[in-house]
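Q: below are the sequence and a predicted model; questions follow.
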Amino acid sequence: MLEEYRGAIVEIIYHNNENGYTVAIFETELEAFTVVGTLPSVSVGRSYTLRGEFKEHPTYGEQFAIREFQEELPSTKEGIREFLASGIMKGVGKKTAQLIVSHFGEKTLDIIDNHPERLTEVSGVGPKTAEKIADSYKLHREFANITLYLQSYGINSNYAMKLYQVYGSDTIQAVEENPYRLVDDIFGIGFKKADAIAHKIGIEDDDPFRVASGVRFTLAYFAGEGSTYLPKDILCEKAGALLDLPMDTIEDTLLEMAFEGQIHMENLEGRIDVYLMPYYMAEQNVCKCLAKLNGARLKPISGRFDSLVAKTERDSGITLSQQQKRAVELSIGAGVSVITGGPGTGKTTIINTIINILESSELKVAIAAPTGRAAKRITETSGHYASTIHRLLDYYYSEDESNMQFGHNADEPLDYDAVIVDEASMIDLMLMNGLVSAIRPGTRFIIVGDADQLPSVGAGNVLKDILDSEFVLSTKLTEIFRQAQESMIVVNAHRINHGEYPDLNAKDKDFFMVRRNKEKEMLETIKDLCIRRLPQYYEGVSPISDIQILTPVRKGLLGCINLNIEMQAILNPPAPELAEKTHGDRTFREGDKVMQIKNNYQLKWKNREDFTEGEGVFNGDVGFIDTVDTEFNELTVVFDDVKYVTYSFNQLDELELAYAVTVHKSQGSEFPIVLMPVSWFPPMLATRNLLYTAVTRGKKVVVLVGSENKLNGMVDNNRINLRYSGLGARLRRLLEMNI
């Protein structure tokens, strides 16, 4: 049972403008006490009815935890004056507030609400100011009423703000008509929250809105796990369990949704599969575009292939193997080709050779990669400029369509004779769809990647599907070159990939294992390696920028969440000169290493090196916090050493600390030193290809900390997490039709 108190705020100890979290002294007629909880735009003197419960804080003692609140409008002249001067009303300071209350007295708020034109009777208040005051008051009351309404459904004021920003004055109507729309419209509100609201409103369990939302949520959830579709039987089972409804009800709804064009159902490989429409359309289009590219006439190179290769070898001082020459020849001669291979097999040499041959024939070549980090690495290793795929396609954010659009597409194709994409294992279906749509037939499309790495974070299994379909010409590089053989990172990566145990602790090499059996010992060893042993052994190593901890998991003692807390405490501890901001359970401090965890196509950046500006920060981008400005409620992060991005505090749920990241998030990156715990992890994560991916992220040194038995268990576990993807089946169909 919640306790209820009526009183006023007499002192504010802490207030967060973005989410409304407040610590304040609240005074009733009988007593004063500390309150904690959500109070948006609170100020001293404001009156509230608060409902909640007293709790004992281990440090600060007894506090009243606010669960619900209702603002009480002041009725006295003094209360009204303080209310107007609190900052809520645009154009009203202390002096103007005093003049307005002196003129209208206790009727002031009624005048503002019902007769705002009369405010011009007050000296210094013109029609525009009167309109601003009235609009501010109306918005404040509207938001207060909406917040109060949403509280009854368990929606706190932080989400109330987000809802109000999307729906405005129609918020209550939108929630009552279909609370399940919140899942699609509001970042952070999931199906379970929307479902709880729907139950309180009284929506029946088999309501069509609810069932359709449950189906979409299930498909979207598995898309987040990598699948572009689900077999109908599995979808009905999963959605039925989510909704607690019989499978027959789900099947009936699927037919209606398919008829309305919300989903697509198709017999792809002897069973009925169900797609969300964007993924179905993307698979179809990727197949169509690859077929057109593969069959188009290409601009010829100027000279005999053998002569051009020989010239490139002389110029570069590198002699290609027969396997490498074969890969170059296939790529030069085909509309679409794939080159795949592990570390040390010469993929960069092949890319450079292809570029040199094409450019010597005056053909225009573009090189791209899925992430900024991967593109930067290609530029450094090849000497040729590489951009992100998004930048190549000239992406922008469309307010009308509320999603990302590309300036280069089928109507405005890229003006190149060849497009080379590296790190192709990271490319998901939707990005590949945008890319192939923008490549005009007659362009050589060369796909380079390591098919044995983890698949893309986004839905699809693009590189593997293309290879398995045998629809396009491909070369698998298997030869490890002499220089690469000197690196135990390269040697062990290939051993792991072949199911062999790595060779540990070879003298004067770059691959080590520190054996520990208990997780607490592993954690302490990782901390000691970061702060002391590695920087002492390798001169000039920065524990923050040069050492990257990779882990298979997010949770647990050795998960990235806890590792980040531990590493922040020793690598960038609190200090008077370092400003910081706490957001939920995360503290962001100047100097911290952070990662963007969702694509944000609207975030603006400025390049401090060449003064260019642009938009877009992407899932997986890593940077460092430059400044935390608590006065202006914003934080600045530097990406790629030169790109400065400013986040308002209410955008901080898009950032995580990045001293430790999951192996999945590390794809496309190389780090001077990689540290990885090896303990018991869930079998679906403790896999060979995850270990292989982690090891291949290390550029100079890889250090594993943990159990050798668990390490060997990861090598033995060749489990490939099943992804439902139809791209391979569709390409095989085209191959059978001789297209």
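A: Thanks, I have the structure now.
Q: so for the biggest helix by length in the chain, what gets flagged as buried?
A: In the chain, with assignment by DSSP state H, the single longest helix is helix 127-151. For helix 127-151, the neighbour count (16 or more other Cβ atoms under 10 Å) marks 129-134, 136-137, 140-141, 143-144, 146-147, 150-151 as buried. The C-beta positions use only the backbone N, C-alpha and C, and glycine is treated the same way.
Q: ok, those vs residue 247, which is closest?
A: residue 150 (33.9 Å; Cβ to Cβ).
Q: re the thing from before, mind giving me the packing neighbours of the longest helix of the chain?
A: Judged by 3 or more Cβ pairs under 8 Å, 6 or more residues apart in numbering; DSSP states H and E, helix 127-151 is in contact with strand 61-72, helix 108-114, helix 157-167, helix 171-177.
Q: check which element follows the worst-scoring helix or strand of the chain on mean pLDDT along the chain.
A: None of the helices or strands of the chain scores lower by mean pLDDT, DSSP states H and E than helix 482-485, at a mean of 64. Using DSSP states H and E, the helix or strand that directly follows helix 482-485 along the chain is helix 488-497.
Q: average pLDDT for the helix or strand just after that following helix?
A: Using DSSP H and E, the helix or strand that follows helix 488-497 in sequence is strand 511-515. Strand 511-515 shows an average pLDDT of 94 in the prediction.
Q: who touches the helix or strand following strand 511-515?
A: Next helix or strand after strand 511-515 toward the C-terminus (DSSP H and E): helix 519-528. Residues from elsewhere that reach helix 519-528, judged by Cβ atoms under 8 Å, 6 or more residues apart in numbering: 514, 516, 549, 556-558, 563, 566-567, 570, 675, 677-679, 705-706.
Q: apply 10 Å and report the result again.
A: The contact list for helix 519-528 (Cβ atoms under 10 Å, 6 or more residues apart in numbering) reads 514-516, 518, 533-534, 543, 547, 549, 551, 556-558, 562-563, 566-567, 569-571, 660, 675-680, 703-707.
Q: pull out the buried residues from that helix.
A: Under the neighbour-count criterion of 16+ other Cβ under 10 Å, helix 519-528 has 519, 522-523, 525-527 buried.
Q: buried set for the next helix or strand after it?
A: Toward the C-terminal end, the helix or strand that comes next after helix 519-528 (DSSP H and E) is helix 534-537. Residues of helix 534-537 classed as buried: 534-535 (neighbour count, 16+ other Cβ under 10 Å).
Q: helix 534-537 packs against which elements?
A: When contacts are defined as 3 or more Cβ pairs under 10 Å, 6 or more residues apart in numbering; DSSP states H and E, helix 534-537 packs onto strand 671-678, strand 698-706.
Q: for the residue nearest the centre of the chain, list the residues it contacts.
A: Nearest residue to the geometric centre of the chain (Cα atoms, centre = their mean): residue 598, 1.9 Å. Going by Cβ under 10 Å, 6+ apart, residue 598 touches 187, 617-620, 653-655.
Q: so which of these are in strands?
A: Judged by DSSP state E, the contacts of residue 598 include 617, 655 as members of strands.
Q: out of the contacts of residue 598, who's nearest residue 293?
A: Taking Cβ to Cβ as the measure, residue 293 sits nearest to residue 618 out of the contacts of residue 598, at 25.7 Å.
Q: tell me which two of the contacts of residue 598 sit farthest apart.
A: 187 and 620 (17.7 Å).
Q: who has more neighbours, those two?
A: Between residue 187 and residue 620, counting by other Cβ atoms under 10 Å, residue 620 is the more crowded of the two (25 against 9).
Q: is it true that that one touches residue 369?
A: No: judged on Cβ atoms under 10 Å, residue 620 makes no contact with residue 369 at a distance of 11.9 Å.
Q: so what sits against both of these two?
A: 426, 668.
Q: mean neighbour count and distance to residue 114 added to the helices and strands packed on helix 534-537, as CSV?
A: Below are the helices and strands packed on helix 534-537 laid out as CSV (neighbours: other Cβ atoms under 10 Å; distance: least, Cβ to Cβ, whole Å):
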stretch, mean neighbour count, distance to residue 114
strand 671-678, 24, 64
strand 698-706, 23, 70
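Q: flag every buried residue along stretch 238-252.
A: Quick answer for stretch 238-252 (16+ other Cβ under 10 Å): 238-240, 242-243, 245, 249-251.
Q: burial of the residue nearest to residue 725 when sequence neighbours are not counted, as a residue count?
A: Ranked by Cβ to Cβ, 6 or more residues apart in numbering and with sequence neighbours excluded, the top spatial neighbour of residue 725 is residue 461, at 4.5 Å. A total of 26 residues lie near residue 461 under the criterion other Cβ under 10 Å.
Q: re earlier: now, among the buried residues of helix 127-151, which is nearest to residue 431?
A: Checking these one by one against residue 431 (Cβ to Cβ), the nearest turns out to be residue 150, at 36.3 Å.
Q: what's the closest one in contact with, if anything?
A: For residue 150, the contact set (Cβ under 10 Å, 6+ apart) comprises 156-157, 159-160, 163-164, 171-172, 175, 197.
Q: including pLDDT and neighbour count, could those go into TSV?
A: Shown next, in TSV, are the contacts of residue 150 (pLDDT from 0 to 100; neighbours: other Cβ atoms under 10 Å):
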residue	pLDDT	neighbour count
156	64	19
157	61	25
159	70	20
160	73	22
163	78	23
164	76	19
171	80	21
172	82	15
175	80	22
197	81	21
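Q: burial of the nearest residue to residue 618 once chain neighbours are set aside, as a residue count?
A: Nearest non-adjacent residue to residue 618, counting by Cβ to Cβ, 6+ apart: residue 599, 5.2 Å away. When counting by other Cβ under 10 Å, one arrives at 18 neighbours for residue 599.
Q: isn't residue 599 right next to residue 388, touching?
A: No: here residue 599 lies out of contact with residue 388, judged by Cβ under 10 Å, at a distance of 11.6 Å.
Q: shared neighbours, those two?
A: 395, 616, 618, 621.
Q: tell me how many other residues surround residue 359.
A: 14.
Q: how close does it get to residue 546?
A: Remark: distance between residue 359 and residue 546 (Cβ to Cβ, to the nearest Å) = 34 Å.
Q: try residue 127
A: Distance of residue 127 to residue 546, given as Cβ to Cβ: 62 Å.
Q: list the contacts for the residue nearest to residue 618?
A: With Cβ under 10 Å, 6+ apart, residue 599 has these contacts: 390, 395, 403-404, 458, 616-621, 654.
Q: now, which of those residues sits nearest residue 47?
A: residue 654 (35.7 Å).
Q: test my guess that the closest one contacts residue 617.
A: Yes: using Cβ under 10 Å, residue 654 is in contact with residue 617, at 8.1 Å.
Q: neighbour-wise, which of those two wins?
A: Set residue 654 next to residue 617 and count neighbours by other Cβ under 10 Å: residue 617 wins out with 25 against 18.
Q: hey, what's in contact with both of residue 654 and residue 617?
A: In terms of Cβ under 10 Å, 6+ apart, residue 654 and residue 617 are both contacted by the residues 596, 598-600, 603, 647.
Q: so where's the chain uncertain?
A: For the chain, the stretches flagged by pLDDT under 70 are 17-19, 86-88, 156-158, 187-188, 397-404, 482-484, 739.
Q: could you say which helix or strand holds the residue of it most remote from its centre?
A: Here the centre of the chain is the reference, and by Cα atoms, centre = their mean the most remote residue is residue 103, at 53.9 Å. Under the criterion of DSSP H and E, residue 103 resides in helix 94-104.
Q: what do you get for residue 285?
A: Assigned by DSSP H and E, residue 285 falls in helix 277-295.
Q: quick check: next helix or strand after that helix?
A: helix 305-316.
Q: quick one: residues in contact with that following helix.
A: Identification of contacts with helix 305-316 by Cβ under 10 Å, 6+ apart yields 301-304, 318-320, 324-325, 328-329, 332-333, 349, 352-358, 360-361.
Q: list the buried residues in it.
A: Under the neighbour-count criterion of 16+ other Cβ under 10 Å, helix 305-316 has 308-309, 312 buried.
Q: got JSON lines for the residues you listed, with distance to residue 222 too?
A: Formatted as JSON lines, these follow (distance: Cβ to Cβ, whole Å):
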{"residue": "308", "distance to residue 222": "47"}
{"residue": "309", "distance to residue 222": "46"}
{"residue": "312", "distance to residue 222": "46"}
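Q: since that was my last question, I'll sign off now.
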